[in-house]
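1. no sequence for this one, just the structure:
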């Protein structure tokens, strides 16, 4: 492998790329500042305690990370690796409150049937259920969130948590809360907004600017 000269104590070498470089907007500082000010204003005006501010983020979990590199005899012409013919993965929705409380996870699996999810006889399945975890099948050909899985996430995890904390703090049910998520198209859709206004009007949506998840998405920056 070609190596570059040692420069200021750092040795550089040729490496296989593992991910595409994230495109950060040129005005990312202004975008993040605007979000920060909107959050600060909402927290002040609505008197929102730290425990009622949640950030959620969906992330891909790969069962077995494939690679185009492996060990083989020098000079070999045909080299096989496992995992390059397809990606086997699922989605985890991670949610955490501003006071550090980790909410139950939601796992989303590709498929149209309940059997796409882990078996009830799987190791630690019962422990996960008792901890409030949600295992969902996407009812699509992908494992990403859908309107149906988002509704389940909000009804069974996000809103449930908010209502529980309001009772503990002696706050009225109409107390406003904050839910910070990314600008994924489904999150910004009219269908999703309309559903939220009807079923969860006290939950205020605040979006992390596009391309800024690695800068201003708490679950991405400090948790995952």
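-> Done, it's in. Predicted model, so just to flag it, every value in this text is computed and none were measured.

2. as a quick check, tell me the outermost residue of this structure.
-> Within the chain, residue 75 marks the point farthest from the mean C-alpha position, 42.9 Å out by CA atoms, centre = their mean.

3. which strand or helix spans it?
-> Under the criterion DSSP states H and E, no helix or strand holds residue 75.

4. do the same with residue 150
-> Per DSSP H and E: helix 147-153 holds residue 150.

5. buried residues in that helix?
-> 149-150, 152-153 (16 or more other CB atoms under 10 Å). Every residue, glycine included, has its C-beta placed from N, CA and C.

6. now it: mean pLDDT?
-> Average pLDDT, helix 147-153: 95.

7. what of stretch 125-133?
-> Rounded mean pLDDT across stretch 125-133 is 95.

8. just stretch 100-117 next, same as before
-> Mean predicted lDDT for stretch 100-117 stands at 94.

9. ok now that stretch, how far from the chain's centre?
-> 12 Å (CA atoms, centre = their mean, to the nearest Å).

10. which residues are contacting it?
-> 51, 54, 58, 90-97, 118, 131-145, 149, 152-153, 157-158, 161 (CB atoms under 8 Å, 6 or more residues apart in numbering).

11. that older thread, what's downstream of the helix holding residue 150, the next helix or strand?
-> helix 159-169.

12. residue 62 contacts residue 143, correct?
-> No - the criterion here is CB atoms under 8 Å, and residue 62 misses it with residue 143 at 10.6 Å.

13. so for these two, which sits in the more crowded spot?
-> residue 143 (24 against 11; other CB atoms under 10 Å).

14. please name the nearest non-neighbouring residue to that one.
-> Sequence neighbours aside, residue 110 is the residue nearest to residue 143 in space, at 4.1 Å (criterion: CB to CB, 6 or more residues apart in numbering).

15. likewise residue 155?
-> residue 199 (7.7 Å).

16. between residue 62 and residue 143, which contacts overlap?
-> Counting by CB under 8 Å, 6+ apart, the residues touching both residue 62 and residue 143 are residue 89.

17. who touches stretch 53-61?
-> Against stretch 53-61 from outside (CB under 8 Å, 6+ apart): 39, 43, 89-98, 103, 108, 143-145, 153, 158, 161-162, 177-182, 184, 213, 217-220, 223-224.

18. could you report the neighbour count for residue 208?
-> For residue 208, using other CB under 10 Å, the count is 24.

19. show me the contacts for it.
-> By CB under 8 Å, 6+ apart, the contact list for residue 208 reads 35, 180-183, 216-217.

20. ok, residue 38 to residue 31 distance?
-> Counting by CB to CB, to the nearest Å, the gap from residue 38 to residue 31 is 11 Å.

21. those two: which is more packed in?
-> residue 31 (19 against 14).

22. weed out the non-buried ones from the contacts of stretch 100-117.
-> Buried among the contacts of stretch 100-117 (16+ other CB under 10 Å): 51, 54, 58, 90-97, 118, 133-138, 143, 145, 149, 152-153, 157-158, 161.

23. what about the helices in this structure?
-> With DSSP state H, the ranges of helices along the chain come out as 28-45, 125-130, 147-153, 159-169, 185-188, 190-199, 213-216, 218.

24. JSON lines for those helices, including distance to residue 205?
-> JSON lines is the format used below for the helices of the chain (distance: least, CB to CB, whole Å):
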{"stretch": "helix 28-45", "distance to residue 205": "11"}
{"stretch": "helix 125-130", "distance to residue 205": "28"}
{"stretch": "helix 147-153", "distance to residue 205": "12"}
{"stretch": "helix 159-169", "distance to residue 205": "13"}
{"stretch": "helix 185-188", "distance to residue 205": "8"}
{"stretch": "helix 190-199", "distance to residue 205": "7"}
{"stretch": "helix 213-216", "distance to residue 205": "15"}
{"stretch": "helix 218", "distance to residue 205": "15"}
